[in-house]
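# requesting a structural model of the entry that follows:
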Amino acid sequence: MNKKHRCGWCIGDPLYETYHDTEWGVPVHDDNTIFEFLILETFQAGLSWITILRKRENFRKAFDDFDYKKIARYKQNKIDTLLLDAGIIRNKLKIYATITNAIAFIKIQEEFGSFSKYIWGFVDGKPIKNTLKNYKNAPASTTVSNIISKDLKKRGFKFVGPTVVYAHMQATGMVNDHEINCFRYHQV
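The predicted model follows:
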C-alpha cells in the first residue's frame, strides 16, 4: 500500500485530510476565495480550525456565499438572523466584524484594483517557502503577518491579529508551511 505522507496536524480526520490535500497552502489570487478564508479565519480565532471546517457550509449559506458586496450592506434584521443561526459561530463581535471587514475589503479593492494585489504585495507576489520538519515548529505569527495585521487594522479591519493573519497566509498559500516530507510540499 502506497500511503502518502501528510502534515501531522490533519491526520485522522477525513475532512481535515481532504482540506489539507486540496486547499491548504495552495496560492489563492481570487478575491472571493481570499475573502472567504479571511472570514473563516476571523471566526476561528480562539477555536480549532476543524470546528470551522465542519461549519463551513453553514457559514457559506448564512453569509450569502461569502459575497462581500452583499455582506457590506447587511442591516440589523440580517444580523439578528445570524445571531440566531446555530449552524455558525454566533459571536456578535465577529458577526459585526465580518460586515466591517467586507466594507474595508471593498475599499482596498478600489485602491489597489484587487484585494489579491494588495495582500500578495506583502510577499512580492510569491509564496514564502518554509522548511518545516514538524508542523509544531511553525510560527504562530511572523514579522510579515505583524506588518499585514497592522496595515489591515489601520484600514478598519477587525479580528485580524498577527496570528489570524498568519493562519490566513498559510491557508491561501502566501506561505508554504507543509512539512518538507509531506506530499503537498513540492506540489504547492
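
# gap between His20 and Leu152?
Distance, His20 to Leu152, using Cβ to Cβ, to the nearest Å: 26 Å. Just so you know, the C-beta spots here come from the backbone N, C-alpha and C atoms, and that holds for glycine as well.

# helices of the protein, start to end?
With helices called from DSSP state H, the chain shows them at 14-22, 31-44, 49-62, 68-71, 76-83, 92-112, 115-120, 143-154, 162-171.

# okay, now the spatially closest residue to Glu41 that is not a sequence neighbour: neighbour count?
Excluding the flanking residues, the one nearest Glu41 by Cβ to Cβ, 6 or more residues apart in numbering is His168, at 4.7 Å. Using other Cβ atoms under 10 Å, His168 has 26 neighbouring residues.

# could you dump stretch 38-57 to CSV, C-alpha only?
Output of stretch 38-57 as CSV, limited to C-alpha atoms (Å, rounded to 0.1, in the frame of the first residue of the first chain):
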residue,chain,number,x,y,z
LEU,A,38,-10.4,35.8,5.8
ILE,A,39,-13.9,35.5,7.3
LEU,A,40,-13.4,31.9,8.3
GLU,A,41,-10.1,32.7,10.0
THR,A,42,-11.7,35.6,12.0
PHE,A,43,-14.4,33.2,13.2
GLN,A,44,-11.7,30.6,14.0
ALA,A,45,-9.9,33.0,16.4
GLY,A,46,-9.9,31.2,19.8
LEU,A,47,-11.3,28.0,18.3
SER,A,48,-10.0,25.0,16.4
TRP,A,49,-9.9,25.1,12.6
ILE,A,50,-11.7,21.7,12.4
THR,A,51,-14.6,23.4,14.2
ILE,A,52,-14.8,26.0,11.4
LEU,A,53,-14.3,23.4,8.6
ARG,A,54,-17.3,21.4,10.0
LYS,A,55,-19.4,24.5,9.9
ARG,A,56,-18.0,25.9,6.6
GLU,A,57,-21.1,25.1,4.5
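
# centre of the chain versus that stretch, how much separation?
In this view, stretch 38-57 has its centroid 9 Å away from the chain centroid, taken as Cα atoms, centre = their mean, to the nearest Å.

# show me what contacts Asp21?
By Cβ atoms under 8 Å, 6 or more residues apart in numbering, the contact list for Asp21 reads Lys4, Arg6, Arg184.
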